[in-house]
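S.K.: Have a look; sequence and predicted model below, questions after that.
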Amino acid sequence: MVKVAVVTGSNKGIGLSIVKGLLKRFDGVVFLTARDDGRGKAAVAKLNELGLHPEYHQLDITDRNSVARLADYIKEKYGGIDILVNNAAVVSGLDLNVSYKETKEVLDINYFSYHIIQELLYPLVRDNGRILNISSDCGHLSNVRNEYWIKKLSNKSLTVEEINEFVNWHLEAVRTGTFNKSDIADEGSIAAYRVAKVAVSALTMIQQRELDGRNISVNSLHPGFVRTDMTKGLGFLDVDQAAETPVNLLLEAPQSLKGAYVWYDGQVLDWFDANADYYFKFKTMLDML
């Protein structure tokens, strides 16, 4: 049986470096995926020049048909998946005047796509497999300042429906012009991205409960403040440095590490501590300019 790893949104940035790291250390096939075929194939060519040979497949995580085509291909050719990294993401504008359309796009890509992936790709993950959801420091509960949602999200019996309600609460607030910046940390900066990543971190723990019977580990990770297009080239880590912890989690962490929120240095943090100082601060970027 050939082992298989799949990394979404991996034609650049951290995703590409995770693919690179897996190709060097994982005993199996590694799929590089991209929404744009041209960019995906260019990334493959770049790795080929380094003597690394991923398998490529087009993947738009917001397009159910695209995800289904990848699922069918892997099922037909390899029978299953051993490692799945949910990495694809976008960020909204850095001011508070983000449109409804932009907000919806951020939430669709960064959160609602997880439902499509879970429906179509998770059934292919083999027993004892590993799933890693790339979250963010924007994904810690301390990014939420609305007391109602802090209480709701910190309930250990939280449901997927309640997470969806949280995400749609923010979307509706933007649509109606009632968004209150005090509901989100750091004066409401990049609110849609924070909401989506908090939702991903919370969803990770529910996914773990659902898959625990098959001994599949599901964790979320803040990869650090990384120099990528998304951060306008600002950050403390380059993409290869940022890929080290996720690759270690996928290949070396004990299988018993499950449903955890992991920091870029490998620490497991208490996601439920809403008063912690783990939320993203926009000032961090400004200080680097």
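M.R.: That came in fine, so what should we check first? Computed from a predicted structure; not experimentally measured. Numbers count the residues shown, from 1 in each chain.
S.K.: Tell me which stretches of the stretch 51-200 of the chain form helices.
M.R.: Secondary structure of the stretch 51-200 of the chain (DSSP state H, counting those that start in this stretch): helices at 64-77, 100-107, 113-120, 147-153, 160-176, 191-211.
S.K.: Regarding this structure, what is its longest strand?
M.R.: strand 125-134 (DSSP state E).
S.K.: Just the CA coordinates for it, please, in CSV.
M.R.: Output of strand 125-134 as CSV, limited to C-alpha atoms (Å, rounded to 0.1, in the frame of the first residue of the first chain):
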residue,chain,number,x,y,z
VAL,A,125,-8.3,9.3,5.5
ARG,A,126,-7.1,5.9,6.7
ASP,A,127,-7.3,4.6,10.3
ASN,A,128,-4.4,6.0,12.3
GLY,A,129,-4.1,8.9,9.8
ARG,A,130,-3.3,12.5,10.6
ILE,A,131,-5.1,15.7,9.8
LEU,A,132,-3.6,19.1,10.4
ASN,A,133,-5.6,22.3,10.1
ILE,A,134,-3.5,25.4,9.6
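S.K.: Which strands or helices does it pack on?
M.R.: When contacts are defined as 3 or more C-beta pairs under 8 Å, 6 or more residues apart in numbering; DSSP states H and E, strand 125-134 sits against strand 81-86, helix 191-211, strand 217-221, helix 239-251. The way it works is simple: take the backbone N, C-alpha and C, and place the C-beta from them, glycine included.
S.K.: Just want the angle from the first one to helix 113-120.
M.R.: The directions of strand 81-86 and helix 113-120 differ by 170 degrees, with axes from the mean of the first three to the mean of the last three C-alpha atoms, to 10 degrees as the criterion.
S.K.: Partner strands of strand 81-86 and their direction?
M.R.: Strand pairing for strand 81-86, using DSSP bridges, gives strand 4-7 (parallel), strand 125-134 (parallel).
S.K.: possible to save these as JSON lines with mean pLDDT, mean neighbour count and distance to residue 69?
M.R.: Putting those into JSON lines (pLDDT from 0 to 100; neighbours: other C-beta atoms under 10 Å; distance: least, C-beta to C-beta, whole Å) gives the following:
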{"stretch": "strand 4-7", "mean pLDDT": "98", "mean neighbour count": "28", "distance to residue 69": "13"}
{"stretch": "strand 125-134", "mean pLDDT": "98", "mean neighbour count": "20", "distance to residue 69": "18"}
